[in-house]
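Novice: Structural data only, the sequence is not supplied:
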């Protein structure tokens, strides 16, 4: 069964816009789990414009399900992950000023760098996932540098879904097959929502985990957080 990991960055964005501690990020993480989320994802960035390093340290002890930390493996990020020891770290090639993740790794170019970073995390017992596009080379290279999983960058699928869903999903089905044949676990994320999530899952039912933040938290404004989480979970059931 595909797990739903809720990215709570947008909760922190709202808190930071006003200052103080409303909404409370720790409470949000607890409630997401209480309402059915099977994991919590955070993506701390160097400018701490949403999730802060302090948040990550405070959230870790209260998480009962899976904890996934995303980010670019800078020295400070690596130190944070090693101190927190989440269940999973998802490495993304974001520039320090990126608004959101918008590309997968060029693993051939960064092969030595990623091999060293992944080795460090694996020695600490942390499962490692690499954010990738659908190119065969990057997926096969992910296995060679030691990654446990890849996370497919699904923005191209989401953007093309309403034009032709079958054509939109096809390269992702192929990529998912390559990942499976390479012995890699499979995650997916970016711009997945209530409209396109079920179709992706129907075509790639062996996805281990989807990470969803922006759309789910936005839906929660209208539907309520508990209802939104349950609606997303239903998309992942046959």
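Specialist: Good, I have the coordinates. Note that the structure is a prediction, hence the values are computed from the model and not measured. Numbers count the residues shown, from 1 in each chain.
Novice: got any ranges where the chain has weak pLDDT?
Specialist: For the chain, applying pLDDT under 70 flags the ranges 95-102, 238.
Novice: How about the most centrally placed residue in it, nearest residue that isn't a chain neighbour?
Specialist: Closest to where the C-alpha atoms of the chain average out (C-alpha atoms, centre = their mean) is residue 211, at 4.2 Å. If the residues on either side of it in the chain are set aside, residue 211 comes closest to residue 189, at 3.9 Å by C-beta to C-beta, 6 or more residues apart in numbering. No exception for glycine: its C-beta is placed from N, CA and C like everyone else's.
Novice: so who does that neighbour touch?
Specialist: 7, 151-154, 210-212 (C-beta atoms under 8 Å, 6 or more residues apart in numbering).
Novice: let's see 6 Å
Specialist: For residue 189, the contact set (C-beta atoms under 6 Å, 6 or more residues apart in numbering) comprises 151, 210-211.
Novice: follow-up on the earlier one: how about the residue nearest to the centre of the chain, secondary structure?
Specialist: Three-state assignment for residue 211 (DSSP: H, G, I helix; E, B strand; the rest coil): strand.
Novice: Quick check: the gap between it and residue 120.
Specialist: 22 Å (C-beta to C-beta, to the nearest Å).
Novice: And for residue 201?
Specialist: 33 Å.
Novice: Phi and psi next, for the nearest residue to residue 204 once chain neighbours are set aside.
Specialist: In space, and not counting its chain neighbours, residue 204 is closest to residue 176: 4.5 Å by C-beta to C-beta, 6+ apart. Backbone geometry at residue 176, expressed as degrees, to the nearest 10, gives phi -60, psi -40.
Novice: Repeat that for residue 5.
Specialist: phi -110, psi 130.
Novice: contacting residues for the closest residue to it other than its chain neighbours?
Specialist: Of all residues not flanking residue 5 in the chain, residue 39 sits nearest, at 3.3 Å (C-beta to C-beta, 6+ apart). For residue 39, the contact set (C-beta under 6 Å, 6+ apart) comprises 3, 5, 65-66, 68.
Novice: do residue 210 as well
Specialist: Applying C-beta under 6 Å, 6+ apart, the residues near residue 210 are 188-189, 192.
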